[in-house]
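Asks: I'd like to go over a predicted model; first the sequence, then the structure.
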Amino acid sequence: MTSDSCHPDLDHALQLAGQMMEAATAGDWSRVATLQTKCDALVRRAYPHSDATHKALLALQSQHEQLSARVAQARDGIAQEIARHTHNHRALNAYLDSSPTP
């Protein structure tokens with residue numbers, strides 16, 4: 001969601017935030033990090049106080065919250081995969097330990 005009347009840098013930050021969400025959905029975390037660095041640099045600048053600036057910053061905040069939720073989902077999925085791998089590894093080791101050595 002971009003605003004025609006917001007500062008061009010904020011408009012660019014909104015576009016980058018959308019691209020970050022697309023990259024996160026695709027699991028391209030290195031791209032997310034690269035885009036985040038660019039977006040952060042734009043957001044940290046000083047902007048004129050206006051309704052357009054306020055709306056753009058609220059939109060960025062909303063997109064950031066959505067991205068954070070996606071990151072948390074990915075993190076939880078990875079934690080579950082690690083737990084399954086650890087369980088399987090332990091089960092395999094137990095089997096190997098209990099098997100007679102030829």
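Replies: Yep, it's here.

Asks: What helices and strands are in contact with the worst-scoring helix or strand of the chain on mean pLDDT?
Replies: Sorting the helices and strands of the chain by mean pLDDT, DSSP states H and E puts helix 51-98 at the bottom, at a mean of 91. Helix 51-98 sits against helix 8-25, helix 29-43, with contacts defined as 3 or more C-beta pairs under 8 Å, 6 or more residues apart in numbering; DSSP states H and E. Just so you know, the C-beta spots here come from the backbone N, C-alpha and C atoms, and that holds for glycine as well.

Asks: Please state the offset of it from the chain centre?
Replies: Here helix 51-98 shows a centroid-to-chain-centroid distance of 9 Å under the convention C-alpha atoms, centre = their mean, to the nearest Å.

Asks: Please work out the angle formed by the directions of that helix and helix 29-43.
Replies: Interaxial angle, helix 51-98 versus helix 29-43 (axes from the mean of the first three to the mean of the last three C-alpha atoms, to 10 degrees): 150 degrees.

Asks: Any idea how many residues pack against T53?
Replies: T53: 16 surrounding residues under other C-beta atoms under 10 Å.

Asks: Nearest residue to it in space, please, no chain neighbours.
Replies: Y47 (4.8 Å; C-beta to C-beta, 6 or more residues apart in numbering).

Asks: Spell out the secondary structure type for the one you found.
Replies: Three-state secondary structure (criterion: DSSP: H, G, I helix; E, B strand; the rest coil) places Y47 in coil.
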